[in-house]
Every structure is written in structure tokens, then in C-alpha cells.
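Enquirer: build the 3D model from these lines:
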Amino acid sequence: MGLAQSACTYVLDNTRNYRRKRRRHSGGWQLNYTEEDDSDSDSKVYASKRMRLMTTSQYIYKALFQEGKNHDVTLVIFGKEWNLHKIYLCQSPYFASMFSGSWKESDQSVIQIEILDSNINFESLNTVLGSLYQDELVIQPSEVVSVLATAALLQLDAIISKCCEVMTQTVNIKTVIRYYESSKSYGVSAVEKACLEWLLVNLLCYVPETPDRLREISVDLMELLVTSQNLCVVQTEFSLYVLLKFWLYLNFHPNWEGSAQDGISCAHNYFKEQGSQSDLEFLLRDVGSPYLKAFRGLRLASLIGHPQDVDMILGDRIIPASLLLPVFRMQWYRMLQTDQGYDKGPRNLTEVEFNQHSLRCGRVLGASRHQMWRWTGFHFGLDLVLTYERGSLKLRRNHRTENEMALSQQTRRNLMFRLTIYGLDEQRMVRYTQSTGIQSTTLGKNEEICLITLEKEELPLFLSANFLVATPLTPGVSEIQDNLTV
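Expert: Below is the predicted model of the structure:
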């Protein structure tokens, strides 16, 4: 081995045993190197350098859409000009048809477009037209209705689908009415379904806390909600009547502001005064007749089950007496049939019959894991007590001797029921539901049964219940309502 080669080998071998450091000697600074230092140096020399460049999509958006370079058509909308390109605009069936030759605008370089839809604005147009020049689109909930309206005009199905996704995920008290009305205008059934589901659960127990939202509910929408078999009637049918009265008051007082409790009191005083000024009930007058169809959804047989409720309904003079009196007569006859033992309760009714005649009631199951209650009103001699404990909801036919004269003496009584449990998220959208479906059972005196055991016990929960304890008669309430003439 030569001297030079040996020296090189010695130096390379021994430098591996040292770390790089700077050490002060009397003569100055000395650098010591190790193998790791060489590796670090190499990694720094050969390391890749990252630099953010404008993507093709960003360049196209900036150069062609924002700056309008090499444009071949100018759109004039809302007095604003967009210098654009037909090849990009033709992604929209609306523009593709315009430029196909059958429209007069096909050969024009400047095109005036009149927008008749009030939901479309400059910002939504700029967003949707700009989306034709890039591969991503961000839609804010505050802008989604305008973007949906613009996408519907330009027939851009992908953007319509994106708007639906945003809307179905952001239904809440502030958006639900506008989203619903938009869903009807632009034919997006998924949004309509989400809004209806939200309203059916929250109409009685939450919407009245925001009177401005309650006022926004149209007559047609209120009719749809009140007549729905899926409406969650918290407490009883009388609670629904009170809400309708408050809603009616808000429609005639568009500038009223205040709490729900204050509004209910104001509504009571207003209709009491109105009733003294005319021989006609409010819904029979010209001013009230447009709201009749919303009140038609009330199940009047369930509405007249308590004397104090009846006193208020008659005192308000909103619902015509010609509608109430036949229901009183029919309920009296049903009571006689039950009391004399001719009717032992409903059996084998159709779903339509059950939905039409059953008592609607509900309750919020709060933080307490043991709750007991009964819904007030007349139940044809049955004292029905419900108990919620450890995730199970039980029904008891209570028959105490001290109340024996007021209770049915029949040994066994038939009844039908349906229970639905709802769990809500922070926006009060339904995240969990469980239902028994329509069921029939027979109860003896003081007998208790389990109606439902919850799969999830994440309180609070909302309970919607339907009970039918006496066999319906014909003609039904709905037929009486249909015979009402205004």
C-alpha cells in the first residue's frame, strides 16, 4: 500500500470518531469534523426546495374569468359586465342552448340578461359563473339559497346537489323556513324533507320561542304540519290549538315583538275582544277564512277533553260552533257506549283510521332518569299512568278504589298506541329515532306493560305518543269538517 493511500485511509477512518465542534485554542478557532457533519452538509445541498406555484386552475380563473383575457362574449347582468368565454359557459345547459343558434343571442358579442328571481344577486352570479373556470367551489350557508337559485337558472346539477348537501346539514331555527320555501321553488325534495322533519319535531316545543320564525310559516305549510301524522304534539292537542292561536295573532300583528308567553296572553285578549265585535266566529269572517284550513287539522275530539280547555275555546270564538257541536254530540255517544260496556276499545283498525282518530300527546324526557306522569283530559274511564325508568317506558291502567266511580268498571279494555322517540343534535335536527309502530294491547285493572325499551338513553329525548282508547264512530270528525261551509 502506498504512502499516500495509507495516509488517506488513516484520515478517513479516524475522522469518524469525532463530532464536529468549534474549540478555542490559544491560536484561534479550530473546526473538528465528523462523518455526521458530511451527511448533514450533503442533505442540505441536495434537499428538495418547495415553492408554491399557481396551478393551472388558478391561472385559468385569474386570467380568463377575473381578467377576461381573450374573451369572446360579454354578459351584462344587474348593470355589471362579465367578459367571458363561450367554450366555458357552454358547460351550462342554459348557455349551451343560448349559443346553439336558435336564440337571437347566439351571434351577439354583448348579451343583456334580465334576472326575475329575487333570490339571485350579483354575488351568487359571480360565484356560479366563476365555478365554470375552476375545479372547486366553496358555498357558505348564508349564501346557499342565492347560489341554489342561480344554479337552478343555469341548470348546473352538480352545484344544485352541492347546495342541497349544505342545506340539509345546516337546518336550524334561523334557516328552516327560508330553506323550505326555497326547496319548493327549486324542486329539491331532499331539502324539503329535512325541513319538514325539523319542523314536525320542533314546532310546539321550540319554534314559539322565536315568534318571528313562527310568523313566517305560511298557511299551506302550517296546514301540512298540523295534519301530519308525524307531528310531535308536546303535551296535548290543546297545546297545538294555543300555538295556532298565537300564530294567527302574529299574522295580524306583523310588528309585534316579545316572548312567547307574552304573545299567548296578547293573543287571548285579542280574540276575546274580537269575539265580542261580531256574531260570526273568526274563521267564518272574510278576514279569517284563509286560515281555516290550518285549523282543520286539529283533532277536535281530542281538543274538548277538559272543561277549562272547552271554556277557553268557546270564549275565543275562533272555531265555529257549527264545527264543535257535532263533536260534542258524538263524544257523548261514545262515552255512553263505553260506560254501558258496548265498546271495549278499538281493535284491528286500519292505519288511516288510527291516524285520524288517535289522541296526540308528547313530552320531553329531561335529565331525570325516573319520571312519572299522566296526560290530562277525558280518556273514557281509563286513568293511564306512564313511567320512564332505566331506559324503559311503561304504561299502567291505574284503578284505585277511591276513584272507582269515575273509572271504567270493565275488567279488560282494549287500546291502540304508537310511540316515537327522538334524539336531537345541537341544531335540533333529528339524529336518532325509535318507534313502536302501531300496536294493540289489552289491559286489566292496575295492569302494567312495557311500551318500549330505548336503544339509546341520551337525555333529553322527545316522546311523541298516539293513543286510541275508544272505537271511532262514523261519520268521522274529518267528514264533519268537510261539511263546514264558509
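Enquirer: from residue 67, how far out is the nearest residue to residue 349 once chain neighbours are set aside?
Expert: Excluding the flanking residues, the one nearest residue 349 by Cβ to Cβ, 6 or more residues apart in numbering is residue 416, at 6.5 Å. Using the backbone N, CA and C atoms, a C-beta is placed for each residue, glycine as well. Distance of residue 416 to residue 67, computed by Cβ to Cβ, to the nearest Å: 70 Å.
Enquirer: same question for residue 357.
Expert: 68 Å.
Enquirer: try residue 157
Expert: Distance from residue 157 to residue 67, by Cβ to Cβ: 29 Å.
Enquirer: domains of this protein?
Expert: Under the assignment automatic domain parsing, the domains of the chain span 57-202, 209-343, 351-468.
Enquirer: the helices in the stretch 351-486 of the chain, which residues?
Expert: 351-357, 477-482 (DSSP state H, counting those that start in this stretch).
Enquirer: now the residue nearest the centre of the chain: closest residue in space that isn't a chain neighbour?
Expert: Centroid check for the chain by Cα atoms, centre = their mean gives residue 198 as the closest residue, at 2.6 Å. Leaving aside its sequence neighbours, residue 198 sits nearest to residue 171 (Cβ to Cβ, 6+ apart; 4.9 Å).
Enquirer: distance of that neighbour relative to residue 158?
Expert: With Cβ to Cβ as the criterion, residue 171 and residue 158 are 22 Å apart.
Enquirer: repeat for residue 322
Expert: In terms of Cβ to Cβ, residue 322 sits 55 Å off from residue 158.
Enquirer: returning to what we had before: so what's the residue nearest to the centre of the chain scoring on pLDDT?
Expert: Listed pLDDT for residue 198 reads 98.
Enquirer: got it, and residue 335?
Expert: In this model, residue 335 carries a pLDDT of 85.
Enquirer: in what helix or strand does it lie?
Expert: Residue 335 is part of helix 321-339 when elements are defined by DSSP states H and E.
Enquirer: hey, C-alpha coordinates of that helix in PDB?
Expert: Presented in PDB, the C-alpha positions along helix 321-339 are these (Å, rounded to 0.1, in the frame of the first residue of the first chain):
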ATOM      1  CA  ALA A 321    -119.800  26.400  16.900                       C
ATOM      2  CA  SER A 322    -121.200  24.600  13.900                       C
ATOM      3  CA  LEU A 323    -118.000  22.600  13.800                       C
ATOM      4  CA  LEU A 324    -117.800  21.900  17.600                       C
ATOM      5  CA  LEU A 325    -121.300  20.900  18.400                       C
ATOM      6  CA  PRO A 326    -121.400  17.700  16.300                       C
ATOM      7  CA  VAL A 327    -118.200  16.600  18.000                       C
ATOM      8  CA  PHE A 328    -119.700  17.100  21.500                       C
ATOM      9  CA  ARG A 329    -122.700  15.000  20.400                       C
ATOM     10  CA  MET A 330    -120.500  12.300  19.000                       C
ATOM     11  CA  GLN A 331    -118.200  12.200  22.100                       C
ATOM     12  CA  TRP A 332    -121.200  11.900  24.400                       C
ATOM     13  CA  TYR A 333    -122.500   8.900  22.400                       C
ATOM     14  CA  ARG A 334    -119.100   7.200  22.500                       C
ATOM     15  CA  MET A 335    -118.900   7.800  26.300                       C
ATOM     16  CA  LEU A 336    -122.300   6.100  26.700                       C
ATOM     17  CA  GLN A 337    -121.200   3.100  24.700                       C
ATOM     18  CA  THR A 338    -118.100   2.700  26.800                       C
ATOM     19  CA  ASP A 339    -119.900   3.200  30.100                       C
END
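Enquirer: please identify the buried residues of that helix?
Expert: 323-324, 326-327, 330-331, 334, 337-338 (16 or more other Cβ atoms under 10 Å).
Enquirer: comparing residue 171 and residue 158, which residue is more hemmed in?
Expert: Between residue 171 and residue 158, counted using other Cβ atoms under 10 Å, residue 171 has the larger neighbour count: 24 against 11.
Enquirer: I'd say that one and residue 193 touch.
Expert: No - with contacts counted by Cβ atoms under 8 Å, residue 171 stays clear of residue 193, the gap being 10.3 Å.
Enquirer: which one of the buried residues of helix 321-339 sits closest to residue 376?
Expert: residue 331 (16.1 Å; Cβ to Cβ).
Enquirer: which positions within stretch 385-396 qualify as buried?
Expert: 386-388, 393-396.
Enquirer: now pLDDT too, for these, in JSON lines please.
Expert: Below are those laid out as JSON lines (pLDDT from 0 to 100):
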{"residue": "386", "pLDDT": "92"}
{"residue": "387", "pLDDT": "92"}
{"residue": "388", "pLDDT": "91"}
{"residue": "393", "pLDDT": "92"}
{"residue": "394", "pLDDT": "93"}
{"residue": "395", "pLDDT": "92"}
{"residue": "396", "pLDDT": "89"}
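Enquirer: in strands only, show me the residues you listed.
Expert: 386-388, 393-396 (DSSP state E).
Enquirer: right, and the pair among the residues you listed with maximum separation?
Expert: Across those (Cβ to Cβ), the longest gap, 12.2 Å, separates 388 and 396.
Enquirer: on that earlier part again, neighbour count winner among residue 357 and residue 67?
Expert: Set residue 357 next to residue 67 and count neighbours by other Cβ under 10 Å: residue 357 wins out with 22 against 11.
Enquirer: how near is that one to residue 293?
Expert: 20 Å.
Enquirer: how about the helices in the stretch 151-300 of the chain?
Expert: Using DSSP H, counting those that start in this stretch, helices in the stretch 151-300 of the chain cover 157-168, 176-186, 189-202, 211-216, 219-227, 237-252, 260-275, 292-295, 300-303.
Enquirer: figure out which of those helices is closest to residue 149.
Expert: helix 176-186 (6.7 Å).
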